[in-house]
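any chance you can model this:
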Amino acid sequence: MLHSAELLRRVLVPFLFAGGSLLGALIAYLVVQRAVRDAAAKRRHTLIARYRPVVDAITQFGPTTQTLKRLRRPAARHPRIVAGLLLAPLRAARGTVVSHVREAAMAIGLVDRWLGDLRDRRGWRRAEAVRALGSVQALSALPAIIRSLGDAHAEVRAAAVDALGHLGDPRAIPPLLAHLADGSRYQRARIVDALRNLGPTVTSDLVGLARTHPDQTRVVVDVLGLIGSGAAVEPLLQWCGDRRIDVRAAALDALGSIGLDDRSYYYALRALGDPDAQVRAMAARALGRSRRDEAAAYLAERLDDEWLAAAHAAGALRQLGVAGHAALQARTCDDGQAGDLARQMLWQSPPADARA
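Have a look, this model is predicted:
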């Protein structure tokens, strides 16, 4: 028994000593790490306080020889701090502030540094560089940012889309459209926003692209509907008569998204008689969005159409409110598809007086 206790003591004492030493070392490491982090944070705050007046002068009044001289050495020693100070106002400001920051960033070497960071192996560093180049609207970086659309890192691809929107260069339109179909839903939304941010000429630029590259017409039409510009109505009306079925259908869908005026309303009514059911379906959908009571009679006639067109006509009637519900009610006693669709639509969305 005594022998076992002595053996246990010999094993346990070194173990406790080693464990205590390890725990003490760990506590010391954590204390030192905390001290280093606090010192780094204090150093960062000191540097920010030192450089901020110079950066504020640049953003407000533009870079001068004196301010650039005062910032050039800090930019080489503390590039991330200086870059953060320069880029911060661009989150809410545009116009001359962007010009001032871009001129300063080029003069002190930040733009070249960001271009170099695009080759960094770390995805987050590449993404930061792309965002910075887009924020200062560095047009010289356009080819590099376009290449970043195909980066292996999703964050870099998203940053590239946003940056191209900030640059406002129509040369970004074809590559953005090329990546519209191969991204996630959120990436597609970013691409549409980026195209919208290219400015008021984006509609004419998109139409011009479709004219010179007919294979891009369908995706251009879809994007025009998502952008929702009234300037797109005229070309969309022309595409309503295109020989390609998918283009005609997409043009009517886009017009419905933008909103039907008197002229496009007539085109949608006429398209209810298109030879293709897909086109008739999109015409019915556009008329439903128009909320025009007089469309109800024309849509009710399509409840006997092919299933795709008939289903869209029934859904459009439901959208028309009282007039549409009255037209559906008139077909509830019909046999076959028309009666089934009418009863189904009324069951899903009964008239207002029935719900009261």
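
in the stretch 251-356 of the chain, which spans are helices?
262-271, 277-290, 296-300, 307-319, 322-330, 336-348, 352-355 (DSSP state H, counting those that start in this stretch).

typo on my end, the stretch 101-250 of the chain
Counting by DSSP H, counting those that start in this stretch, the helices of the stretch 101-250 of the chain are 110-117, 123-135, 142-148, 154-167, 173-178, 185-197, 202-212, 217-227, 233-239, 245-258.

redo those as a markdown table? Include mean neighbour count and mean pLDDT.
Just so you know, the C-beta spots here come from the backbone N, C-alpha and C atoms, and that holds for glycine as well. A markdown table is the format used below for the helices of the stretch 101-250 of the chain (neighbours: other CB atoms under 10 Å; pLDDT from 0 to 100):
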| stretch | mean neighbour count | mean pLDDT |
| --- | --- | --- |
| helix 110-117 | 19 | 94 |
| helix 123-135 | 23 | 95 |
| helix 142-148 | 19 | 95 |
| helix 154-167 | 23 | 93 |
| helix 173-178 | 18 | 90 |
| helix 185-197 | 17 | 86 |
| helix 202-212 | 18 | 92 |
| helix 217-227 | 22 | 93 |
| helix 233-239 | 18 | 96 |
| helix 245-258 | 24 | 96 |
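
got JSON lines for those, with distance to L328 too?
Formatted as JSON lines, the helices of the stretch 101-250 of the chain follow (distance: least, CB to CB, whole Å):
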{"stretch": "helix 110-117", "distance to L328": "60"}
{"stretch": "helix 123-135", "distance to L328": "50"}
{"stretch": "helix 142-148", "distance to L328": "51"}
{"stretch": "helix 154-167", "distance to L328": "43"}
{"stretch": "helix 173-178", "distance to L328": "40"}
{"stretch": "helix 185-197", "distance to L328": "33"}
{"stretch": "helix 202-212", "distance to L328": "37"}
{"stretch": "helix 217-227", "distance to L328": "27"}
{"stretch": "helix 233-239", "distance to L328": "29"}
{"stretch": "helix 245-258", "distance to L328": "20"}
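
spatially nearest residue to the residue most central in space within the chain, not counting backbone neighbours?
Residue closest to the average C-alpha location in the chain (CA atoms, centre = their mean): R190, at 1.3 Å. Nearest residue to R190 in three dimensions, chain neighbours excluded: V161, at 4.5 Å (CB to CB, 6 or more residues apart in numbering).

from what I see, that neighbour and R188 are in contact.
No: with contact defined as CB atoms under 8 Å, V161 and R188 do not form a contacting pair (9.5 Å).

what sits closest to A93 if chain neighbours are left out?
Here the residue nearest A93, using CB to CB, 6+ apart, is T59, at 7.7 Å.

and that neighbour, what element?
In the assignment (DSSP states H and E), T59 maps to helix 2-61.

could you give the number of residues near S184?
Residue neighbour count, defined by other CB atoms under 10 Å, stands at 11 for S184.
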